[in-house]
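*Asks:* Fold the following, please.
(chains A and B)
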Amino acid sequence: MAAFLLRRLGHAMLVLLVVCTVTFAIVHAAPGGPSLLADPKLSVAERAAIAERLGVDRPIPEQYARWLTRLARGDLGNSFLYETNTASTIAQRLPNTLLLAGTALLITIVVAIPLAAWCAERPGGWLDRIAGALAMGAISIPVFWLGIVCILVFAVRLGILPAGGAVGAEGGASLADRARHLVLPSLVLAAAGTAELLRYTRASARQQYARPFVRAARAKGVGERAVRWRHAMRNALIPAVTVIGLQLPRLVGGAAITETVFSWPGMGRLGIEAALARDYPLVMGITLVVSAGVLLASLLVDVAYLALDPRIRPDQS
Amino acid sequence: MTPRRRLQLAGVTFLALAAAAVAGPALYGVDPNALDFARAGAPPGALHPLGTDESGRDVLARLLVGARISLATGAAAMLLAVSFGTAVGAVAGLARPRLDAVLMRLTDAVLAIPTIFVVITVITFLGPSVTTLVVAIGATSWMGLARLVRGELLALRHQDFVEAAVALGDPPIPRFLRHLLPHLWPTILVNATLGMGSALLTESALSFLGLGVQPPAASWGNMLSGAQSALFTAPWLAIFPGLMILAAVVTINVLGDALRDTLHPGE
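*Replies:* Numbering: from 1, shown residues only, chains lettered A, B, ... in the order given. Modelled structure (predicted):
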C-alpha cells in the first residue's frame, strides 16, 4: 500500500511537471506581453525597464528555468497586476473557492447517490422520469445563464436571497448571512455535476441489480436495505467515484464562471481577471494550485477504489 | 420511449434548428444589425416578437443569425476535438508502449489543468475571433475521446482479424483505416454528438465573458454578455438567448444519448 501510494505520488509529480511545462509554453508562446506593457503612454525606455523588472525580456527557456527554480523553493513570484506575492494573493482567495466548491461537491454527492439508488430500483417510475428530465436539463444548461436566471428569480423578483458577494454589505459576516450568500452559487455550481453523477450512478446501479450476486443475496434472505447498500450500490459506486474524480477540474472551471456571475471573491474569479490581464505569474500560480489539487484528489480516488473493491489490488495499477 | 423514437424525435428537432439557422434570417426578413434607438430596450410585442436590445436591434432576428455562428462554431470545434482525440488515441493505442506512456501522461496533464484559465489567456493574446474560439475549444476537449479510442484499440489489436492484416503486410495507416476505424465509429459518433453540446456551452461561456464572437456579429453567447447588467430593466434579453442554448444543447444531448443506446445496447 505504501509503495503503491509512493509510486502514484511520483506519477502525480511527473504529471504536474508536464502541467507546468505545457501551461508555461502556452502562456509564453503566444505573442504580446503583459497588459502592463500595453499602455500607449509608455516610452520605449520605460517599457524596457518594466519588461526587465518583470523578467519578460529574457529568453523563454531562461524564464522557464528561473520560474522552476523559484518554484522549487516554494516561491511563485510576484503578480504583475497586484504587485504582491502570488502565493499570498492566492492563499487569500482560496478559502472562498474551497468553501464554494466543497459545498457544491457535498450537495452533488448527498443528492445524486441516494437519488440514483432510488431511481435504479424503480426504473420508469415517476421520480425516475422527473429526475432524468431534470438531469438532462442540468447538463445542457449554461452555468452562467442558470446563475443569471436564479438571480432574476430569487434575488430580483422574490427578493429572498442575495444576488451576489460572500457577505452582506451591512449586518457583517454572521454565520447565517454567509450561509444565505452561499445558497445560490453553490446550488448553481452543483447542478451539472449532480446531474452527471446521477446519470452515471443510476446506469451502473441498474447493471448491478441485474447481476447474479444481487439475486443470490435476496435468495438467501438478505434485507432489501442491505442488498441495496452492501451489494448493489457498493459496486455501483466504483464508476461513480471515477466520475467524481473527473468532475473536479470542471468544478473549478465552473467555479470561475459561477464566482464571476455571483461576484464571489474566490480564486476562480481571480484567475479569470489574471488571465484577462495576462498576469503570467498569477495565471501560472492558480493553474498550478488547481492542478495539484486535482491530482491529489485523483490519488484519493485511487485509494477509494481500494476501499470499495478489495479485488482491486494496489500493485495492479 | 424507445431509443429509436428518441433518436427520431431529437434528430427532427435538430434538423429544425439547423433549418431555422439556415433559412430563418431570410424568412423573417428583419435586419439583425439595424439600430433603432427610439425603440431601444422595447419589451416583446407585436412589432418585435421577442423585444429589442439596448441598441434597438431586433432580438428574434439576432437569435436566428446567432444560430448560424453558434451552431457552426460548436460543430467546427467538435470536429477539431474529435479528429485530434481520435488521432492521439489511435497513436497511443497502436504505438510502442513508450510513446503510449508519453501521450497518456500528456492527456492526464491536460485533463488536470483547469483549461478555462489557459484558454482565456490564449484568447487575450490572439484576440477574440471565431477561429481562435474554435481552436481553443477544440484543443481543450479531445482528452476523453483519446482515452476511449486508446482503450478500444488495446482491446482490438490482438484480435484475429487484426493479426491477419498484420500478417498480410498491411502498413499501419491503411490497416487502421480499413480494419480498426470501423469498430470505433459508434464511440466516435456518440462522443462527437455530446462533444458538440459541450462545445456550444463553452462557446456561450467564453462569449459571456466577452472573449467569444465579437459584436456586432451575434451569437447566442455574446447576446448574453450584457444581459446580467440588464436584469432589472430588460430581463427578456437574458431569457431568450439562454433558452435557445438550452434547447439546442438538450436536443444534441438527447440525440447523443439515443445514439449510444442504439449503437451500444446494454451498456
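*Asks:* For the stretch 51-200 of chain B, give me the ranges with low pLDDT.
*Replies:* For the stretch 51-200 of chain B, the stretches flagged by pLDDT under 70 are B:55-56.
*Asks:* Name the residues of it found near chain A, please.
*Replies:* B:105-106, B:108-118, B:120-122, B:124-126, B:197 (CB under 8 Å from any CB of the partner chain). Quick note: C-beta positions are derived from backbone N, CA and C, even for glycine.
*Asks:* What does the pLDDT read for residue 31?
*Replies:* No chain was given, so I picked chain A. Residue A:31 is assigned a predicted lDDT (pLDDT) of 55.
*Asks:* hmm, I had chain B in mind actually
*Replies:* 72.
*Asks:* likewise residue A:103?
*Replies:* pLDDT recorded at residue A:103 is 91.
*Asks:* hang on, it packs against residue A:182?
*Replies:* Yes. Contact criterion CB atoms under 8 Å: residue A:103 and residue A:182 qualify, at 5.9 Å.
*Asks:* Next one: residue B:86 from residue A:100, what distance?
*Replies:* As judged by CB to CB, to the nearest Å, residue B:86 and residue A:100 stand 36 Å apart.
*Asks:* higher neighbour count, these two?
*Replies:* Neighbour count, other CB atoms under 10 Å in any protein chain shown: between residue B:86 and residue A:100, residue A:100 has more, with 28 against 22.
*Asks:* Roughly how far does that one sit from chain B?
*Replies:* Distance, residue A:100 to chain B, by CB to the nearest CB, to the nearest Å: 14 Å.
*Asks:* residue contacts, that residue?
*Replies:* Residue A:100 is in contact with A:182, A:185, A:186, A:189, A:255, A:258, A:259, A:264, A:266, counting by CB atoms under 8 Å, 6 or more residues apart in numbering or on different chains.
*Asks:* Now neighbour count, secondary structure and pLDDT too, for these, in a markdown table please.
*Replies:* Converted to a markdown table, the contacts of residue A:100 look like this (neighbours: other CB atoms under 10 Å in any protein chain shown; DSSP: H, G, I helix; E, B strand; the rest coil; pLDDT from 0 to 100):
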| residue | neighbour count | secondary structure | pLDDT |
| --- | --- | --- | --- |
| A:182 | 20 | helix | 84 |
| A:185 | 27 | helix | 90 |
| A:186 | 25 | helix | 90 |
| A:189 | 31 | helix | 90 |
| A:255 | 29 | helix | 83 |
| A:258 | 30 | helix | 88 |
| A:259 | 28 | helix | 88 |
| A:264 | 27 | coil | 84 |
| A:266 | 26 | coil | 84 |
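*Asks:* Which helix or which strand is home to residue 131?
*Replies:* Just so you know, I chose chain A. For residue A:131, the enclosing helix or strand under DSSP states H and E is helix A:126-140.
*Asks:* switch to chain B, that's the one I care about
*Replies:* Using DSSP H and E, residue B:131 falls in helix B:130-139.
*Asks:* counting contacts, what elements does that helix pack onto?
*Replies:* helix B:59-94, helix B:115-126, helix B:181-208 (3 or more CB pairs under 8 Å, 6 or more residues apart in numbering or on different chains; DSSP states H and E).
*Asks:* what comes up buried for whichever helix or strand comes after the last one?
*Replies:* It refers to helix B:181-208. Downstream of helix B:181-208, the next assigned helix or strand under DSSP H and E is helix B:236-263. Residues B:236-246, B:248-261 are the ones in helix B:236-263 that count as buried (16 or more other CB atoms under 10 Å in any protein chain shown).
*Asks:* Contact partners for residue A:209?
*Replies:* Going by CB under 8 Å, 6+ apart, residue A:209 touches A:120, A:121, A:232.
*Asks:* and the buried residues of helix B:236-263 near chain A, which?
*Replies:* Applying CB under 8 Å from any CB, the subset of those adjacent to chain A comprises B:238, B:239, B:242, B:245, B:246, B:249, B:250, B:252, B:253, B:254, B:257.
*Asks:* Return the distance of the third one relative to residue A:151.
*Replies:* Plainly put, residue B:242 is 12 Å away from residue A:151 if you go by CB to CB.
*Asks:* now the fourth one
*Replies:* Shown here: residue B:245 relative to residue A:151, a distance of 17 Å by CB to CB.
*Asks:* in which helix or strand would I find residue B:170?
*Replies:* Counting by DSSP H and E, residue B:170 is found in no helix or strand.
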